[in-house]
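Chemist: When you get a sec, could you give me coordinates for this:
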Amino acid sequence: MPLGRVALRPPAPRRTLSNPDPPHFHLTTDDPAQPQSSHLCLSVSIPVYPWLCLSPFSSVAPPALPPRPSATFSPVLRYRLTLGPLLILLLIALCWLDEGLQGRPLSHAAQLLLLQRHPEVPPGLAIFPIMVAASVLASRELSRIMRDKGILASKRITTTAALSGLLVACIIPPEWPATVGVAAVSSAAVWVLLLSLVFYSRHKTVQGTVAAAGGTLLAFVYLGLMFGFILALRREHSVWLLLWVILVTKSSDIGAFATGKLIGRHKLILWLSPGKTWEGFVGGIVLAAIVGAAGLEGLRHLIGAKEPVPPSWTGAAAGVLFGLTAVLGDLIASLFKRDAGIKDASTIIPGFGGVLDVLDSPLLVAPVAYWWVHLVHHARW
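Modeler: Numbering: from 1, shown residues only. Alright, predicted model coming up:
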């Protein structure tokens, strides 16, 4: 049988490599009218890609490659890298101002206003106004979270409850007996509860009153009493020890964020906080331990002559403890926000969210740090 003829008929040029056409094979005869002719013609259609042609005179240009992603920071990371160091510098300046004001003479009117027996500026006077402002802003964010959940939450009542807890936690004179101090805190809680019940039932309806009263007491404890431990720590110790506690706490957040972004793969609690990973959790604890040990060594040279400073290894242990507590505090705030269906408490601080998003870890670390410092200072090393 004679050999047939092979005809190469390339199809129209295609410019995609993702879905090329396979070769097409057709068997035809020389005479279309005689399909049984012994003279067969084999027609092969092979797709040809012009941009693979070696001829330099080809008029077909190769397809443009997709643009490579630019190595720029995300807006959130850019804001954090910018505002984070600025906030740390402002905190250091605030501590320096508070230490400079401590012990200066007070007028009689200022003594009455501050409920001070001694005619000297008490420790924490420069920190207190900043804490009041932060408590007011965080209270408004907490009331928004409760309203998004369907709970009656007045900004005025929520703010009043938070400020009541903050004031009662920091203005009780140290000369008062312990029983009187406990009675003062309990009386403030009763006042907040009665105020909320009367306010939310003022329209002669009981709908949502119990939940609203519970939200008010939450603000009293969460943004009042717990926040007040920072001032309690300052009243009994150096302001630089307070700065050490805050820096160790936030170093845990920084270490967790950086490690999670770099190598985070395994989710910590997916249903509660999808962004947290086990790698970030470990990285935050390690950095907090390092900052804790290095910070106590620095405090030994800074305030070692004024008050005793525990060994550096206890700073590493405190870093682990504060880091674990900081993660728990962050998860508590996430629990509030996820229950309300929101990601951030607000957008008042670019890159961080709201004031509550910044205070979530120090709010829980403050009481733990107070008792840790109290126990360590009474230990014999």
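
Chemist: Give me the neighbour count for Ile349.
Modeler: Residues lying near Ile349 (other CB atoms under 10 Å) number 18. From N, CA and C alone the C-beta is placed, and that goes for glycine too.

Chemist: so it makes contact with Leu356?
Modeler: No. Counting by CB atoms under 8 Å, Ile349 sits too far from Leu356 to count as a contact (10.1 Å).

Chemist: For Arg104, which non-adjacent residue is closest in space?
Modeler: The shortest distance from Arg104 to any non-neighbouring residue, by CB to CB, 6 or more residues apart in numbering, is to Val121 (4.6 Å).

Chemist: same deal with Phe336?
Modeler: Take Phe336 and drop its neighbours on the chain: the residue closest to it by CB to CB, 6+ apart is Ile145, 5.4 Å away.

Chemist: for this structure, what spans make up the strands?
Modeler: 6-8, 24-29, 40-45, 267-269, 273-277 (DSSP state E).

Chemist: just for the stretch 151-300 of the chain, where's the confidence low?
Modeler: The stretch 151-300 of the chain contains no residues with pLDDT under 70.

Chemist: ok, 90 please
Modeler: Applying pLDDT under 90 to the stretch 151-300 of the chain flags residues 169-181, 203-207, 235-236, 261, 264, 270-275, 300.

Chemist: what ranges do the helices span in it?
Modeler: Using DSSP state H, counting those that start in this stretch, the helices of the stretch 151-300 of the chain run over 155-170, 178-200, 209-220, 226-236, 239-263, 278-303.

Chemist: Make a markdown table from those helices and add distance to Thr82 and mean neighbour count to it.
Modeler: Output for those, formatted as a markdown table (distance: least, CB to CB, whole Å; neighbours: other CB atoms under 10 Å):
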| stretch | distance to Thr82 | mean neighbour count |
| --- | --- | --- |
| helix 155-170 | 29 | 22 |
| helix 178-200 | 39 | 15 |
| helix 209-220 | 31 | 20 |
| helix 226-236 | 25 | 22 |
| helix 239-263 | 14 | 22 |
| helix 278-303 | 20 | 20 |
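
Chemist: Among those helices, which comes closest to Asp360?
Modeler: helix 239-263 (9.0 Å; CB to CB).

Chemist: how distant is the closest one from the center of its chain?
Modeler: How far helix 239-263 lies from its chain's middle: 11 Å, per CA atoms, centre = their mean, to the nearest Å.

Chemist: quick one: it to strand 273-277, angle?
Modeler: Relative orientation of helix 239-263 with respect to strand 273-277: 90 degrees, computed using axes from the mean of the first three to the mean of the last three CA atoms, to 10 degrees.

Chemist: which secondary structure elements does helix 239-263 contact?
Modeler: Helices and strands touching helix 239-263, by 3 or more CB pairs under 8 Å, 6 or more residues apart in numbering; DSSP states H and E, are helix 75-101, helix 226-236, strand 273-277, helix 278-303, helix 312-340, helix 355-377.

Chemist: Looking at these, which is nearest to His203?
Modeler: His203 lies closest to helix 312-340 among the helices and strands packed on helix 239-263, at 24.0 Å (CB to CB).

Chemist: residues in contact with Val76?
Modeler: By CB atoms under 8 Å, 6 or more residues apart in numbering, the contact set of Val76 is Gly351.

Chemist: Which pLDDT does the model give it?
Modeler: pLDDT, Val76: 74.

Chemist: Return the distance of it relative to Thr159.
Modeler: Val76 sits 28 Å away from Thr159, going by CB to CB, to the nearest Å.

Chemist: and the closest residue to Gly181 other than its chain neighbours, how many neighbours?
Modeler: Distances taken as CB to CB, 6+ apart put Ile172 closest to Gly181, at 5.0 Å, once the chain neighbours are dropped. When neighbours are counted by other CB under 10 Å, Ile172 registers 18.

Chemist: Ile151 against Gly208, yeah?
Modeler: Yes. Counting by CB under 8 Å, Ile151 touches Gly208, with 6.8 Å between them.

Chemist: what does the domain assignment say about the chain?
Modeler: 6-49, 122-236, 238-381 (automatic domain parsing).

Chemist: can you list those in JSON lines and add distance to Ala110?
Modeler: Listed next are the domains of the chain as JSON lines, based on distance: least, CB to CB, whole Å:
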{"stretch": "domain 6-49", "distance to Ala110": "77"}
{"stretch": "domain 122-236", "distance to Ala110": "10"}
{"stretch": "domain 238-381", "distance to Ala110": "20"}
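
Chemist: nearest to Leu81, of the ones you listed?
Modeler: Closest to Leu81 of the domains of the chain, according to CB to CB: domain 238-381, at 8.3 Å.

Chemist: ok now the closest one, how far from the chain's centre?
Modeler: Offset of domain 238-381 from its chain centre (CA atoms, centre = their mean): 11 Å.

Chemist: Start at 50, not 1
Modeler: Sure thing, new numbering starts at 50, so read that last one as domain 287-430.

Chemist: quick revisit: closest one to Phe385 among the helices of the stretch 200-349 of the chain?
Modeler: Nearest to Phe385, of all the helices of the stretch 200-349 of the chain, is helix 258-269, at 8.8 Å by CB to CB.

Chemist: Tell me which other helices or strands the closest one touches.
Modeler: Packing contacts for helix 258-269, counted by 3+ CB pairs under 8 Å, 6+ apart, involve helix 176-197, helix 204-219, helix 227-249.

Chemist: Same list (those helices) but as TSV, adding distance to Leu290.
Modeler: Below are the helices and strands packed on helix 258-269 laid out as TSV (distance: least, CB to CB, whole Å):
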stretch	distance to Leu290
helix 176-197	13
helix 204-219	17
helix 227-249	22
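
Chemist: For Arg283, which of the ones you listed is the nearest?
Modeler: Nearest of these (CB to CB): helix 176-197, 6.1 Å.

Chemist: buried residues in the closest one?
Modeler: 176-177, 180, 183-196 (16 or more other CB atoms under 10 Å).
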